[in-house]
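Undergrad: test case, fold it:
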Amino acid sequence: MSIVWWLSLKPSGRCAAVVRLPSQDEVYVKKALDIGVDAIMVPQVRSSAEARRIVQLCKYPPQGIRGVGLARAQGYGTTLKEYLNEANEKVGVIIQSEHIDAVNEIHTILSVKGIDAVFVGPFDLSGSIGKLGDISHPEVTDAIMRVVGACKEKGIASGIFAGTSEQAVRWSNEGVGLLAIGIDALLLINGAKALLQGFRE
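TA: Coordinates of the predicted model:
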């Protein structure tokens with residue numbers, strides 16, 4: 001599955017929906033898939049065993065162990081057959097690399113079939129290295145590049161959070177294809193500050 005497929009407009013004209021789960025808990029995986037998301041993003045994946053379990057939870061048999069339900073994703077039963085035929089290929093699995101353990105195990109993690117992308121969480125990663133919040137520290141950027149490089153070798157998309165447009169450009173130039181740029185709360189705060197500053201001037 002192509003990362004571009006998630007990010008491009010769907011045939012219906014809507015944007016693809018990617019949901020970041022709060023944990024690796026099976027209940028969250030099931031709920032997200034059954035509401036009909038196009039891809040899920042799973043946090044704090046540190047080993048190939050965890051990655052393999054997540055893929056199995058996302059795939060119907062024989063590739064996995066996902067249970068068959070009648071929810072929004074399946075048109076409440078009206079499109080069940082079509083969904084079952086397509087879901088294993090069309091529902092994306094994105095795992096998050098947010099700890100140095102994941103970086104050290106990245107090659108074995110990427111050996112798990114069914115992973116469509118790896119998304120780096122730079123702030124949590126910096127904390128696990130002992131450089132909390134210093135995402136520009138050479139040890140942190142080196143760890144990020146180890147993940148990006150491994151993804152390139154395997155032909156798997158990589159992603160990262162970028163707090164600014166400058167950071168986004170940097171990682172885009174490094175070949176990172178899935179970028180989350182900015183945070184809604186900060187965009188609102190900065191917009192309000194700019195508005196207030198303009199009024200005061």
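Undergrad: from Lys59, how far out is Gly69?
TA: 14 Å (Cβ to Cβ, to the nearest Å). All C-beta spots, glycine's among them, are computed from the backbone N, C-alpha and C.
Undergrad: actually Lys113, sorry about that
TA: From Lys113 to Lys59 the distance is 10 Å (Cβ to Cβ).
Undergrad: which of these two has more neighbours?
TA: Shown here are Lys113 and Lys59; by other Cβ atoms under 10 Å, Lys59 has more neighbours (20 against 10).
Undergrad: before we move on, which element is the closest residue to that one other than its chain neighbours in?
TA: Of all residues not flanking Lys59 in the chain, Asn88 sits nearest, at 5.0 Å (Cβ to Cβ, 6 or more residues apart in numbering). Per DSSP states H and E, Asn88 falls inside helix 80-90.
Undergrad: list the buried residues of that helix.
TA: Tyr83, Ala87, Asn88 (16 or more other Cβ atoms under 10 Å).
Undergrad: who touches the last one in this structure?
TA: Shown in contact with Asn88 (Cβ atoms under 8 Å, 6 or more residues apart in numbering): Lys59, Tyr60, Gln63, Gly64.
Undergrad: what about this structure, any weak spots by pLDDT?
TA: 1-13 (pLDDT under 70).
Undergrad: can you give the distance from stretch 59-74 to the centre of its chain?
TA: Distance of stretch 59-74 from its chain centroid, counting by Cα atoms, centre = their mean, to the nearest Å, is 20 Å.
Undergrad: same thing with stretch 194-201?
TA: So, by Cα atoms, centre = their mean, the centroid of stretch 194-201 is 37 Å from its chain's centroid.
Undergrad: the protein: helices as residue ranges?
TA: Along the chain, counting by DSSP state H, helices occupy 3-7, 26-34, 48-58, 80-90, 100-104, 106-110, 122-129, 138-154, 165-173, 184-200.
Undergrad: the third one packs against which elements?
TA: Contact partners of helix 48-58 among helices and strands, from 3 or more Cβ pairs under 8 Å, 6 or more residues apart in numbering; DSSP states H and E: helix 26-34, strand 92-97, helix 106-110.
Undergrad: most tightly surrounded among the ones you listed?
TA: strand 92-97 (a mean of 25; mean count of other Cβ atoms under 10 Å).
Undergrad: packing partners for that one?
TA: helix 3-7, strand 18-20, strand 39-42, helix 48-58, helix 106-110, strand 117-120.
Undergrad: among those, which is the most enclosed?
TA: Ranked by mean neighbours (mean count of other Cβ under 10 Å), those are led by strand 117-120, with a mean of 26.
Undergrad: now find how far off-centre it is within its chain.
TA: Worked out by Cα atoms, centre = their mean, strand 117-120 lies 5 Å from the chain centre.
Undergrad: neighbouring contacts of it?
TA: Applying Cβ under 8 Å, 6+ apart, the contact partners of strand 117-120 are 3, 41, 92-98, 106, 109-110, 144, 147-148, 151, 156-161, 178, 180.
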